[in-house]
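A.B. asks: no sequence on hand, only this structure:
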């Protein structure tokens, strides 16, 4: 991914929740790195599953896809694929811009 902004349209009713939501996902990225360093694939799988579940509900479909990728890679204990998707999620979070529409 590049440094291009990723525009996501979100329901205006969720405006108060989105900054905290995105902050929590950044914390998830940090936690994923910690758990991966410990080769705790079950914790990585659980966090990935959670990201998969919450992203789409707020309109962040790519976030959900990356969470699903992390979950699947963790089930296979594929550290390289997990790291690739953690990095993609990290880039996504750094470049996502929310429009309330």
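C.D. replies: Sure thing, it's come through. Here the structure is a predicted model, which means the values were calculated and not measured.
A.B. asks: packing partners of the helix or strand hosting residue 53?
C.D. replies: In the assignment (DSSP states H and E), residue 53 maps to helix 41-57. When contacts are defined as 3 or more Cβ pairs under 8 Å, 6 or more residues apart in numbering; DSSP states H and E, helix 41-57 sits against helix 18-37, helix 61-75, helix 79-95. Every residue, glycine included, has its C-beta placed from N, CA and C.
A.B. asks: out of those, which is the most enclosed?
C.D. replies: helix 61-75 (a mean of 21; mean count of other Cβ atoms under 10 Å).
A.B. asks: angle of that one against helix 79-95?
C.D. replies: 160 degrees (axes from the mean of the first three to the mean of the last three Cα atoms, to 10 degrees).
A.B. asks: got the contact list for residue 17?
C.D. replies: Applying Cβ atoms under 8 Å, 6 or more residues apart in numbering to residue 17 gives the contacts residue 58.
A.B. asks: go with 6 Å
C.D. replies: Not one residue lies near residue 17 by Cβ atoms under 6 Å, 6 or more residues apart in numbering.
A.B. asks: please consider this matter closed, and thank you.
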